[in-house]
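**Student:** need a 3D model of the following:
(chains A, B and C)
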Amino acid sequence: MSDLEATVAALAAKVAEMEDRLAIYQLLATYGPAVDSGLSGVTADLWSENGTYDWGMGKSEGSAAVGAMVEGDQHQGIIGGGSAHFLGTPHLDIHADRAVATGYSQLLLFDKEQQGFRVWRVAANRWELERTPQGWKVVKRVNRVLDGSEEARSLLRAGVERGTGSPLE
Amino acid sequence: MSDLEATVAALAAKVAEMEDRLAIYQLLATYGPAVDSGLSGVTADLWSENGTYDWGMGKSEGSAAVGAMVEGDQHQGIIGGGSAHFLGTPHLDIHADRAVATGYSQLLLFDKEQQGFRVWRVAANRWELERTPQGWKVVKRVNRVLDGSEEARSLLRAGVERGTGSPLE
Amino acid sequence: MSDLEATVAALAAKVAEMEDRLAIYQLLATYGPAVDSGLSGVTADLWSENGTYDWGMGKSEGSAAVGAMVEGDQHQGIIGGGSAHFLGTPHLDIHADRAVATGYSQLLLFDKEQQGFRVWRVAANRWELERTPQGWKVVKRVNRVLDGSEEARSLLRAGVERGTGSPLE
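**Tutor:** Down below sits the predicted model:
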């Protein structure tokens, strides 16, 4: 391999890593708009077929169950009243075809009387992802409300205990 | 074209797409600090000359009108009392020289009595952007408060109905 | 230098700039999970040895002092009750080995009685960073609560007065 070929190969590897990071940002940025507008199919499609979502008060097993949750009465009531599933930029740890995103979600609800919003749930989030022929998919998401419980803190700790952990550095 | 030239050309296309994504993240990250500090010129400059901003309770037509809004009494009252225009990471859909960013904004106001903040407006946001010789510019921004109205939900739905829609994947 | 070599060199420069942006996003995304889970070492390690953190009501000088703050009674009380240090995507200004990130932080606290969260502090943030052999490190962070004070607005203004200021555009 010539020097130039080696340079190009190294660049290609860096570009592939950055594409992964941006694709996962995009995936997470799809979640809120999908669930708040009731797009059950788009939401389900973020998960792998057997992917799970454990939100602390219940668990969906499989992407079809994730979609069914969006169509369910509880979720429809939430979005009918006015809601925003607002996520923060996650910490990412990517290794080949697997990734972990660690961060926060806020669930904000419209309060008609006050003509403002209340922050109902703020949760620690762990998203485990897998590269598939159809792009990155969620294989496991766990949320825990940050109510002082050790469980929520552990979930955050597990994601960042090695620091910035960026494969880019 | 040699194999190496073809590889470099493919890389260059990927790099250009990532630059677009990061430039749009940067543009949106400029908005809050500009409006909350009263920089009307910087705010106006995010829009194209004929760009519009429809925030549901009113509409600015043209970048000069966007700047005038920042200098107006209502906005000056808001920032004088203490405010944060806090945006989430948007979903991006980029096609050549046009892009749509779909996401959320929170408008937080300082509450002196409570020594805390209240969340006044949480809105669905659609930003339509265009590449210009001066970089990406907003040609149309529409906000709708997530108060349960179908209009706000439609706006989110339009942005993500095709899923992650990342040109990188 | 051949045309192809020049093309590759230009691409390499763009890739390096994007890596910097993503590494700083990652650094900031590490902060919240680290402080909310009590990882004092990981938090300290985000700062350079002599880096400072001035949060308006006090100041930590040096990364060891930042770590000690995390271990201190006040911080332990906050996270024991349930907290989220939620950051927005920052505006970035990068020049060679120095960078400034300008944005927002929210400190949300669990409210047991209301079974919800209150937004206690929303602050303007300025992070000054430096590239080191161990990656980007914080050399100075200043926070000011957005309570209407000119100081908080100045801090935001200083970060974005030149606009999107992206080295990528």
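**Student:** so where's chain A uncertain?
**Tutor:** Within chain A, the stretches falling below the threshold (pLDDT under 70) are A:165-169.
**Student:** so where's the longest helix in it?
**Tutor:** For chain A, the helix with the greatest residue count under DSSP state H is helix A:3-36.
**Student:** list the buried residues in that helix.
**Tutor:** Within helix A:3-36, the residues scored as buried using 16 or more other C-beta atoms under 10 Å in any protein chain shown are A:7-8, A:11-12, A:14-15, A:17-36. Where C-beta positions appear, they are placed from N, C-alpha and C, glycine not excepted.
**Student:** is any residue of it near chain B?
**Tutor:** Yes. Looking at helix A:3-36 against chain B by C-beta under 8 Å from any C-beta of the partner chain, the contacts come from A:4-5, A:8, A:11-12, A:15, A:18-19, A:22-23, A:25-30, A:32-34, A:36.
**Student:** so which residue is dead centre in chain A?
**Tutor:** Most central residue of chain A, judged by C-alpha distance to the mean C-alpha position with C-alpha atoms, centre = their mean, is A:Leu28 at 4.5 Å.
**Student:** grab the nearest non-local neighbour of that residue.
**Tutor:** Sequence neighbours aside, A:Leu87 is the residue nearest to A:Leu28 in space, at 5.5 Å (criterion: C-beta to C-beta, 6 or more residues apart in numbering or on different chains).
**Student:** my guess is A:Val122 contacts A:Leu146, does it?
**Tutor:** Yes. Look at A:Val122 against A:Leu146 with C-beta atoms under 8 Å: they come within range, at 5.3 Å.
**Student:** what do these two both touch?
**Tutor:** Applying C-beta atoms under 8 Å, 6 or more residues apart in numbering or on different chains, one finds that A:Val122 and A:Leu146 are jointly contacted by A:Tyr104, C:Ala84, C:Leu108, C:Phe110.
**Student:** enumerate every residue touching the first one.
**Tutor:** When contacts are counted by C-beta under 8 Å, 6+ apart, A:Tyr104 touches A:Leu87, A:Gly88, A:Val122, A:Ala123, A:Ala124, A:Asn125, A:Leu146, C:Gly32, C:Ala84, C:Phe86.
**Student:** closest to chain B among those?
**Tutor:** Of all those, the one sitting nearest chain B is A:Leu87; the distance, using C-beta to the nearest C-beta, is 6.5 Å.
**Student:** how much space between that closest one and B:Lys140?
**Tutor:** 25 Å (C-beta to C-beta, to the nearest Å).
**Student:** neighbour-wise, which of these two wins?
**Tutor:** Neighbour tally, A:Leu87 and B:Lys140, criterion other C-beta atoms under 10 Å in any protein chain shown: the higher count belongs to A:Leu87, 24 against 17.
**Student:** helix, strand or coil for A:Gln114?
**Tutor:** Secondary structure of A:Gln114, reduced to three states by DSSP: H, G, I helix; E, B strand; the rest coil: coil.
**Student:** list the buried residues for the helix or strand A:Val42 falls within?
**Tutor:** Per DSSP states H and E: A:Val42 is located in helix A:40-44. Of the residues in helix A:40-44, those scored as buried under the neighbour-count criterion (16+ other C-beta under 10 Å) are A:Ser40, A:Val42, A:Thr43, A:Ala44.
**Student:** OK, contacts around the first one?
**Tutor:** For A:Ser40, the contacting residues are A:Gly67, A:Ala68, A:Val70, A:Glu71, taking C-beta under 8 Å, 6+ apart as the criterion.
**Student:** how about the second one?
**Tutor:** Applying C-beta under 8 Å, 6+ apart, one finds that A:Val42 lies in contact with A:Thr30, A:Ala34, B:Val160, B:Glu161, B:Arg162, B:Gly163.
**Student:** not counting its neighbours along the chain, what's nearest A:Ser48?
**Tutor:** Distance criterion C-beta to C-beta, 6+ apart; nearest residue to A:Ser48, sequence neighbours excluded, is A:Lys137 at 4.0 Å.
**Student:** name the helix or strand for the one you found, please.
**Tutor:** Here A:Lys137 is covered by strand A:135-145, with elements defined by DSSP H and E.
**Student:** quick one, that strand and helix A:3-36 angle?
**Tutor:** For strand A:135-145 and helix A:3-36, the angle between their directions (axes from the mean of the first three to the mean of the last three C-alpha atoms, to 10 degrees) works out to 50 degrees.
**Student:** in the contacts of A:Tyr104, find the pair that's most separated.
**Tutor:** Spatial extent of the contacts of A:Tyr104 (C-beta to C-beta) is set by the pair A:Leu87 and A:Leu146 at 14.0 Å.
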